[in-house]
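[1] Got a sequence here, can you build the structure:
(one chain, ligands or ions: 1)
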Amino acid sequence: MKPVNIGLLGLGTVGQGVANILIRNADEIKRRTGRDIIVTRAAVRNQGKAEALELGIDVTTDSQSLVTDPNIDIICEAMGGDEPALTLLNLAIDNKKHVITANKALIAVHGNDLIDKAREQGVSVAFESSVAGGIPIIKALREGLAANRIEWLAGIINGTGNFILSEMAEKGRSFEDVLAEAQALGYAEADPTFDVEGIDAAHKLTIMASVAFGMPLSFNGVYTEGISKISREDVEFAAELGYCIKHLGVARRRDEGIELRVHPTLIPEKRLLANVNGVMNAIVVHGDAVGPTLYYGAGAGSEPTGSSLVADIIDVVRGMDADPMHRVPTLGFQPDAIAPLPILKAADYRAAFYIRLQALDQPGVMATVSGIFGELGISIEAILQKEPDAAALVGSDKATVPIILLTGLVQEGLIDQAIAKVQALDTIIEPVTRIRVETL
Ligand code: HSE
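    Next up is the predicted model:
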């Protein structure tokens, strides 16, 4: 059978992973697909640098010529960013090429249009590598769990953020110090605020939620909070209470609608997710029939991400000659069954909370604070009061003390009210810290 020709957009960390896997595992992949798969051409920014890799691939700086090349069957996008990637993928689909991309921002924000256009042209759009690097989570949601009504999923889906939190917890290192190392190791996005402010995780959560619940990609509905305000103290206090702080993406189906949220989260240290460290990712998916299932693996890196891209290439090759109607639907549900679902606002979420207050060390402070929570019907499940600072040793009335509360499950609007009241007390001297708690 005629070989399948791949055009690669980008020959950086991920593009090289794809090329290396296709070359190294060519025989094994042919046994799986019945076809030779060849990276025929690659479009790059720096031709000399790409040629120096000596991968035996024809390289060009003219990316338009690649996506319109009649000899290319599949375009594999590993360049990242919004433009020119979006224009090039649109052009490739116009030219009836199947497209495979690792670009989560592009799928999360423009995926609905790309998928519609690809359907009109009878070609596939595939994006396994856009979520959680080497973990086949899209395939699991779309195919392995297809019998289930998915109820919720929660995952550590940004390797850089997890690396930072793990190093802070294990080695007491500062946020800035670990971020610099993550950038040097190539985990971080070109703009690392995407990692630490949760935007990268929000892109990935958008994609998983769409495939889990059969809803259009809804990036604007994701509530996003990053990890840049997590302090070493919070990591230590959480540990004393038996919790780990992880940056989670959570998608939960409730009767009232869908919660889509990315934020730092306390999780009990005994949960498997609490033990996912470094650049590793993991996702728990809860289906009504199967119960909880866990997916774990490298969330970033050249060959882990390349593994998912090549798996998509293999899927596309296997279905290339099939009637497009008989392919697995791109979002896992029939296109006319994809339906928008109400997306809940943060004030309507339900979660338990870790609250840290810095209070003047005076009689009655704790009683006043717990009174505020009690009046709003918020149950306090645990209290940790630490020693006051050094000023207490000399009997100063300015001595302060950290107080940590764990609440029961509560609607977030009520927690907002309680925190506003507590913050207004003269005895509370720093902004109140609050972090959601998930028992999973
Ligand atoms: N910057 C991303 C991360 C890369 O750290 O997870 C993989 O998407």
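
[2] what's near enough to touch the residue of the stretch 301-440 of the chain found nearest the ligand?
    The ligand sits closest to T305 of the stretch 301-440 of the chain, with a gap of 6.8 Å, by CB to the nearest ligand atom. Bear in mind the C-beta positions are built from the backbone N, C-alpha and C, glycine included. When contacts are counted by CB atoms under 8 Å, 6 or more residues apart in numbering, T305 touches 13-14, 17, 102, 129, 133-134.

[3] what about the strands in the stretch 101-250 of the chain?
    Ranges of strands within the stretch 101-250 of the chain are 125-126, 150-156, 223-224, 243-254, based on DSSP state E, counting those that start in this stretch.

[4] picking up where we left off before, tell me the secondary structure for the residue of the stretch 301-440 of the chain closest to the ligand?
    Following DSSP: H, G, I helix; E, B strand; the rest coil, we place T305 in the helix state.

[5] Can you check the pLDDT for it?
    Per-residue pLDDT puts T305 at 95.

[6] Which stretches in the stretch 301-440 of the chain count as strands?
    Going by DSSP E, counting those that start in this stretch, the stretch 301-440 of the chain shows strands at 350-360, 380-385, 400-407, 410-411, 433-437.

[7] Reformat those strands as TSV; add mean neighbour count.
    Formatted as TSV, the strands of the stretch 301-440 of the chain follow (neighbours: other CB atoms under 10 Å):
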stretch	mean neighbour count
strand 350-360	20
strand 380-385	14
strand 400-407	20
strand 410-411	16
strand 433-437	20
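
[8] between those, which gets nearest to L294?
    Of all those, strand 433-437 sits nearest to L294, with 19.7 Å by CB to CB.

[9] Pipe the strands of the stretch 301-440 of the chain into TSV and attach distance to S166 and mean pLDDT per row.
    Shown next, in TSV, are the strands of the stretch 301-440 of the chain (distance: least, CB to CB, whole Å; pLDDT from 0 to 100):
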stretch	distance to S166	mean pLDDT
strand 350-360	19	95
strand 380-385	23	92
strand 400-407	22	94
strand 410-411	29	96
strand 433-437	17	97
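
[10] can I get those strands in TSV with distance to the ligand?
    Shown next, in TSV, are the strands of the stretch 301-440 of the chain (distance: least, CB to the nearest ligand atom, whole Å):
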stretch	distance to the ligand
strand 350-360	24
strand 380-385	32
strand 400-407	29
strand 410-411	31
strand 433-437	21
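
[11] Turn those into a markdown table, including distance to I314.
    Below are the strands of the stretch 301-440 of the chain laid out as a markdown table (distance: least, CB to CB, whole Å):
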| stretch | distance to I314 |
| --- | --- |
| strand 350-360 | 40 |
| strand 380-385 | 49 |
| strand 400-407 | 47 |
| strand 410-411 | 46 |
| strand 433-437 | 39 |
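
[12] Which of those strands sits closest to A190?
    strand 433-437 (28.3 Å).

[13] Could you tell me which ranges of this structure sit under the pLDDT cut-off?
    Residue ranges of the chain with pLDDT under 70: 390-396.

[14] Work out which residue lies at the spatial centre of it.
    Using CA atoms, centre = their mean, the residue of the chain that lies closest to the mean C-alpha position is A201, 2.9 Å off.
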